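Peer 1: Mind looking at a prediction? Sequence and model below.
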Amino acid sequence: MFRYMRFMLLIGIFAAGLSVSTQAQTANPPPSAALYKAIVYRSYGPPSVLHLDNIAIPTPNENQVVIRVRAAAANPLDWHYMRGAPYIMRFQAGLTAPEEPRIGTDVSGVVAAVGSAVTRFKPGDEVFGVARGAFGQYAIAAERRLATKPAELSFETAAAMPVAAVTALQALRDTAQLKPGQQVLINGASGGVGTYAVQIAKALGAKVTAVSSKRNVDLVKSLGADRVIDYTQEDFTQSADRYDVVLDNVGNRSLSEVRSVLKPDGIHILNGGGGPDDNPWITPFDKVIGAFLVSPFVSQRATMMLAEVTSAELGVLTDMVKANQLKSVIDRTFTLADTPQAITYLESGRARGKVVITVPQE
């Protein structure tokens, strides 16, 4: 149960870091226009609850930054908020309806205004990171969750990185403590987290086995995977190979199946699990509870994680970009008005890499 509580605490921490103020004073007021276009939702449900609306430009508190958004990226976190699932999330997001109508997390753009205590950014700076309300012409973020956008990245490729790449980084570097020469299997290697995880695992010196569909084999190989398993032809849980780390971005195999391919002291990191059609009460926590019950009797570890995006972690990604160790894979881009279609596509589970939303400049 500890891992379950830790996961929910991380959700709360992440959400708190994205909290906004619409009344606090600002050192540099936003542009004079009172309203801007943003995707909002006022009830939980499928992508059809999302719509484009005109809302008030946010005002930052002393530690916040207002961003004129150039691009945003869709994450499973966004559709979890949109659907209010798993239901336990509603204790933080709003029991019967979302308390915060804005949506979207990954962001890149240009600083429009800063709070009085912000020291690292000024209007006109190009930044990327996480914010509340990234699916809009403006978004607001805590200073500590932003970094300067590297010149090597477009706004689109920068927006794709924060949540997915930091998740991969923290899973492999911190949770797994991956060491050079170790064997890591990445299930769901062609998705948002998976494409970054393959590259980060290689940068950490690991031997990478990637699991994907046949159509994505060449893509995953191009990212550095030493071996790619086409899951339509081969079941990785039936292999004789054993791994130090299994990073599971899909959650489509049981704990016992994954344990069967782990070394005695291996670790199973569950990053994904559950889709819009799964049980909204327990998925993906059924596996977390299962891991808690089994862990006292086995030497292997199983855990679930949610990334905490900070300026420092974004700086690590920037260094990897500059060293040609990390790049974004973008499947499709959508306009702001087409955000519901972008989320629908993400929920389909067919995206190769990231789904990005471009925001028109008016």
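Peer 2: Thanks, I have it.

Peer 1: Where does A342 sit: helix, strand or coil?
Peer 2: The three-state assignment at A342 reads helix, by DSSP: H, G, I helix; E, B strand; the rest coil.

Peer 1: what's the pLDDT at it?
Peer 2: Among the per-residue scores, A342 holds a pLDDT of 97.

Peer 1: And for A97?
Peer 2: Here the pLDDT value assigned to A97 is 84.

Peer 1: same deal with M305?
Peer 2: pLDDT, read off for M305, is 81.

Peer 1: Tell me where this protein is predicted with low confidence.
Peer 2: 1-33, 87, 272-299, 362 (pLDDT under 70).

Peer 1: Show me the helices in it, by range?
Peer 2: Counting by DSSP state H, the segments of the chain that form helices are 2-17, 76-83, 90-93, 155-159, 162-169, 192-203, 217-222, 255-259, 285-294, 311-322, 339-347.

Peer 1: Pull out the buried positions in the second one.
Peer 2: Of the residues in helix 76-83, those with enough neighbours to count as buried (16 or more other CB atoms under 10 Å) are 76-83. All C-beta atoms are positioned from the backbone trio N, CA, C, and that covers glycine.

Peer 1: Looking at the residues you listed, which is nearest F236?
Peer 2: P76 (21.9 Å; CB to CB).

Peer 1: you'd agree the closest one is up against L346?
Peer 2: Yes. Between P76 and L346 there is a contact under CB atoms under 8 Å: 7.2 Å.

Peer 1: Name all residues that make contact with the nearest residue to D241 once chain neighbours are set aside.
Peer 2: Once flanking residues are discounted, D241 sits nearest to V261: 6.6 Å by CB to CB, 6 or more residues apart in numbering. By CB atoms under 8 Å, 6 or more residues apart in numbering, the residues touching V261 are 185, 236-237, 239, 241-243, 246.

Peer 1: For A176, give its distance to P58.
Peer 2: 37 Å (CB to CB, to the nearest Å).

Peer 1: ignore the last one, R70
Peer 2: Applying CB to CB to R70 and P58 gives a distance of 17 Å.

Peer 1: Please say which of those two ends up with more neighbours.
Peer 2: P58 (29 against 22; other CB atoms under 10 Å).

Peer 1: For that one, give me phi and psi.
Peer 2: Dihedral angles of P58 (phi, psi; degrees, to the nearest 10) stand at phi -70, psi 150.

Peer 1: so the closest residue to it other than its chain neighbours bridges to which residues?
Peer 2: Leaving aside its chain neighbours, P58 sits nearest to I140 (4.3 Å; criterion: CB to CB, 6+ apart). Per DSSP bridges, the residues bridged to I140 are V66, R132.
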